[in-house]
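Engineer: Got a sequence here, can you build the structure:
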Amino acid sequence: MTQPTDIRREGHRPLLLDLFSCAGGAGTGYARAGFTVRGCDIADRPNYPFAYHRGDALEYLDSLITTGEIERYAFVHASPPCQDKCSLTVGTNRSQGWGRAHVDLVAPTRELLDATGLPYVIEQPNGRAEIRKDLTLCGEMFGLGVIRHRNFEAGGWTIDQPVHRPHRGRVRGYRHGQYFDGPYVAAYGNGGGKPSIPELQAAMGIDWTDAREELTEAIPPAYTEHIGRAALAQLAPVSGVAA
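Structural biologist: Take a look at the predicted model:
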């Protein structure tokens, strides 16, 4: 008799696939909500706090579907790159003539996610990415030191939109040569009054990586913990998972 794999030994915690997983901001939130997390990212991610497959996320997802391995999973989160339609690309960069070709993997990601038959989330920053904004989250909703608006498309399930809380002030840093103070730090870039690594870690609620690039790309775990708890509440009647 074939022995069960490690994944099948995970017990009562449902398995979640974290695609384009970066340093694990999203994955950590889902783990805190009650999922066992497995990631996939094309880059080497030594700081990623869970087991992960290094490789092309869409090729990996396609292989999981083809082999039937996707049936081990209960939920999928995906943060596909869409630099062509992010706010910086469509705003400042193009207004200055800096625009160039960027990758947009939202549509092919959605096509494969629909093929899994599983509930899923596609995450994108503010911009013109072609996703439904079923949910928009902000750091102020969770008492964080960043604003960091993020939009989420929920496929195959639903989630309520919490009330957006008014921001308490400005993002700290320089704007057009003038310094502004405020309760939030800028979770992007370098210079211009940007936060130190410890300040950024504290503001985001992330303590397992000190790589600035990973911190500035990450989703605060509080966001996906909120999403994960809502997802588990809907999965429980179907799969017998404890909510």
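Engineer: Where does the residue at minimal distance from the centre of the chain fall, secondary structure wise?
Structural biologist: Nearest to the mean C-alpha position of the chain, by CA atoms, centre = their mean, lies A26 at 4.3 Å. Element membership of A26, judged by DSSP states H and E, is helix 25-33.
Engineer: for that helix, what is the average pLDDT?
Structural biologist: Averaging pLDDT along helix 25-33 gives 98.
Engineer: Tell me the neighbouring strands of the very next helix or strand once past that helix, and mark each as parallel or antiparallel.
Structural biologist: Once the chain leaves helix 25-33, the next helix or strand it forms, by DSSP H and E, is strand 36-41. Partners of strand 36-41 in the sheet, by DSSP bridges, are strand 15-19 (parallel), strand 52-54 (parallel).
Engineer: So which of those is the most surrounded?
Structural biologist: Mean neighbour count (mean count of other CB atoms under 10 Å) peaks for strand 15-19 among the strands paired with strand 36-41, with a mean of 26. Using the backbone N, CA and C atoms, a C-beta is placed for each residue, glycine as well.
Engineer: chain center to that strand, what's the gap?
Structural biologist: Relative to the centre of its chain, strand 15-19 is centred 11 Å away, using CA atoms, centre = their mean, to the nearest Å.
Engineer: where do the helices sit along this protein?
Structural biologist: Taking DSSP state H, the helices of the chain run over residues 25-33, 57-67, 87-88, 94-95, 106-116, 197-204, 212-217, 221-239.
Engineer: in the longest one, what counts as buried?
Structural biologist: By that I understand helix 221-239. Judged by neighbour count (16 or more other CB atoms under 10 Å), helix 221-239 contains these buried residues: 221-232, 234-235.
Engineer: before we move on, what about the fifth one?
Structural biologist: Along helix 106-116, these residues count as buried under the neighbour rule (16+ other CB under 10 Å): V106, T109, R110, L112, L113, T116.
Engineer: just checking, what packs against that helix?
Structural biologist: helix 57-67, strand 75-78, strand 120-125, strand 150-155 (3 or more CB pairs under 8 Å, 6 or more residues apart in numbering; DSSP states H and E).
Engineer: Name the residues that touch it?
Structural biologist: 19, 57-58, 61-62, 64-65, 70, 73, 76, 78, 80, 82, 120, 122, 124, 129-131, 153, 155 (CB atoms under 8 Å, 6 or more residues apart in numbering).
Engineer: Which among these count as buried?
Structural biologist: Neighbour counting over those (16+ other CB under 10 Å) leaves 19, 57-58, 61, 64-65, 70, 73, 76, 78, 80, 82, 120, 122, 124, 129, 131, 153, 155 as the buried ones.
Engineer: Can you add distance to W208 and mean pLDDT and give the strands paired with strand 36-41 back as TSV?
Structural biologist: Output for the strands paired with strand 36-41, formatted as TSV (distance: least, CB to CB, whole Å; pLDDT from 0 to 100):
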stretch	distance to W208	mean pLDDT
strand 15-19	14	98
strand 52-54	13	97
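Engineer: Turn the helices of the chain into CSV, columns for distance to P46.
Structural biologist: CSV is the format used below for the helices of the chain (distance: least, CB to CB, whole Å):
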stretch, distance to P46
helix 25-33, 14
helix 57-67, 18
helix 87-88, 27
helix 94-95, 35
helix 106-116, 25
helix 197-204, 17
helix 212-217, 10
helix 221-239, 19
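Engineer: Determine which of these approaches D181 most closely.
Structural biologist: helix 197-204 (13.4 Å; CB to CB).
Engineer: Give me the angle between that closest one and helix 221-239.
Structural biologist: Interaxial angle, helix 197-204 versus helix 221-239 (axes from the mean of the first three to the mean of the last three CA atoms, to 10 degrees): 40 degrees.
Engineer: Many thanks, I have nothing further to ask.
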